[in-house]
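*Asks:* Based on what follows, work out the 3D shape:
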Amino acid sequence: FFCPHFPSCSLVSWWSGSPSPSPAPAPAAAPACPYDPTDPKQNPLNPQGLKPCCACPETKAARDDCFLKTDTAVADEKCRELVQRHVACMRSLGFKL
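*Replies:* Take a look at the predicted model:
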């Protein structure tokens, strides 16, 4: 018996009192090098190696300004286009949103 959430758990037989053998879990294949959108070698769309906090400052400022100056009851709808512009800008630099 193998429990994926608790690899050390096992099923004890009522008759023998010993745990039943459990198959060894298959090792997870880890990527050799996880994708880093700030690494220009991995992401040619971001040759300056900008971090998400520093990318697309114009669209980010417009989006943030809209949310700060708009009533919360209508901000989602009123600022939607600015959010979409910022997301498009981030994606154009290779960030996965």
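
*Asks:* low-scoring stretches of the protein, by residue?
*Replies:* Scanning the chain with the threshold set as pLDDT under 70 gives 1-31.

*Asks:* What are the boundaries of the strands in this protein?
*Replies:* Read by DSSP state E, the chain holds no strands at all.

*Asks:* Start from the N-terminal end of it and give the helices.
*Replies:* 57-69, 72-78, 80-92 (DSSP state H).

*Asks:* helices or strands next to the shortest one in the packing?
*Replies:* Just to be clear, that refers to helix 72-78. The elements that helix 72-78 packs onto, with contact taken as 3 or more Cβ pairs under 8 Å, 6 or more residues apart in numbering; DSSP states H and E, are helix 57-69. Heads up, the C-betas are built off the backbone N, CA and C, glycines and all.

*Asks:* which residues sit against the helix it packs on?
*Replies:* 75, 78-79, 82-83, 85-86, 89 (Cβ atoms under 8 Å, 6 or more residues apart in numbering).

*Asks:* if we go to 6 Å?
*Replies:* With contact meaning Cβ atoms under 6 Å, 6 or more residues apart in numbering, helix 57-69 is reached by 75, 79, 82-83, 85-86, 89.

*Asks:* From those residues, list the buried ones, please.
*Replies:* Buried by 16 or more other Cβ atoms under 10 Å: 79, 82-83, 85-86, 89, out of the contacts of helix 57-69.
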